[in-house]
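**Student:** Give me coordinates for this.
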Amino acid sequence: MTKRVLLGEIGRPHGVRGLVRLHAFTDDPMAIGRYGALTDATGTRSFAVQPLPGGLGRIEGIADRDAAARLTGTKLYVAREKLPPSTDPDEFFLCDLEGLSAFDADGKALGTVRSVEEYGAGAFLVIQDGARELLVPFTKAAVPAVDVAGGRVTVVPLPEVVVEPRPGEEAA
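**Tutor:** Numbers count the residues shown, from 1 in each chain. Okay, the predicted model is just below:
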């Protein structure tokens with residue numbers, strides 16, 4: 001499966017001719033148009049995006065407000081390989097972490113980074129080891145070392161939290 005990077009999101013319509021608010025997550029908001037066609041979260045729909053000044057954008061094939069409104073909230077992705085490589089070893093995309101081996105500070109293998117999840121308060125690494133799954137907040141304290149080129153991350157596992165069922169609830 002091709003790794004993809006979230007570059008932006010289509011906002012609400014602007015005017016009656018199909019323009020939209022364009023929320024670009026790139027350093028330069030106009031750069032979102034440099035990577036060619038972008039896709040939705042499923043990778044099935046493709047969008048040719050032309051960024052315009054003032055946080056607006058034109059989507060090819062969208063000519064009226066109603067069509068633009070149906071795209072509100074659509075997240076825009078680009079294939080990872082279309083983005084330039086970084087010359088800084090401490091700079092990477094979150095999708096670059098997927099597939100890396102995870103180790104604790106003593107070098108004990110913890111599993112493989114299956115995915116990076118965003119829940120609004122910050123990213124979490126999902127580390128899979130067979131049937132066991134470990135969620136680790138992606139912070140400097142919990143993940144002190146990332147070596148994308150070396151294929152590994154160092155993780156300081158947090159103590160497990162066990163939530164006891166309340167009276168009347170069934171134990172899982």
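
**Student:** make it CA atoms for all contacts and neighbour counts henceforth
**Tutor:** OK.

**Student:** who does the lowest-mean-pLDDT helix or strand in the chain pair up with?
**Tutor:** Lowest on mean pLDDT, DSSP states H and E among the helices and strands of the chain sits strand 132-137, with a mean of 91. Taking DSSP bridges as the criterion, strand 132-137 forms sheet pairs with strand 123-129 (antiparallel).

**Student:** and the gap between residue 142 and residue 123?
**Tutor:** 12 Å (C-alpha to C-alpha, to the nearest Å).

**Student:** start to end distance for stretch 75-83?
**Tutor:** Counting by C-alpha to C-alpha, you get 17 Å between the two ends of stretch 75-83.

**Student:** now it: how far from the chain's centre is it?
**Tutor:** Its chain's C-alpha centre and that of stretch 75-83 lie 10 Å apart, by C-alpha atoms, centre = their mean, to the nearest Å.

**Student:** and what of stretch 57-70?
**Tutor:** Taking C-alpha atoms, centre = their mean, the mean C-alpha location of stretch 57-70 is offset from the chain mean by 25 Å.

**Student:** any residues touching it, and which ones?
**Tutor:** Contact partners of stretch 57-70, identified using C-alpha atoms under 8 Å, 6 or more residues apart in numbering, comprise 12-22, 47-52.

**Student:** swap in stretch 123-140?
**Tutor:** If you take C-alpha under 8 Å, 6+ apart as the criterion, stretch 123-140 is touched by 102, 110-118, 122, 142-143, 155, 157-158.

**Student:** Give me the buried positions along it.
**Tutor:** 123, 124, 125, 126, 127, 128, 134, 135, 136, 137, 138 (16 or more other C-alpha atoms under 10 Å).

**Student:** With stretch 165-172 instead?
**Tutor:** Residues of stretch 165-172 classed as buried by neighbour count (16+ other C-alpha under 10 Å): none.

**Student:** Format the buried residues of stretch 123-140 as a markdown table; extra columns: distance to residue 30.
**Tutor:** Shown next, in a markdown table, are the buried residues of stretch 123-140 (distance: C-alpha to C-alpha, whole Å):
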| residue | distance to residue 30 |
| --- | --- |
| 123 | 26 |
| 124 | 29 |
| 125 | 30 |
| 126 | 33 |
| 127 | 35 |
| 128 | 38 |
| 134 | 38 |
| 135 | 35 |
| 136 | 34 |
| 137 | 31 |
| 138 | 29 |
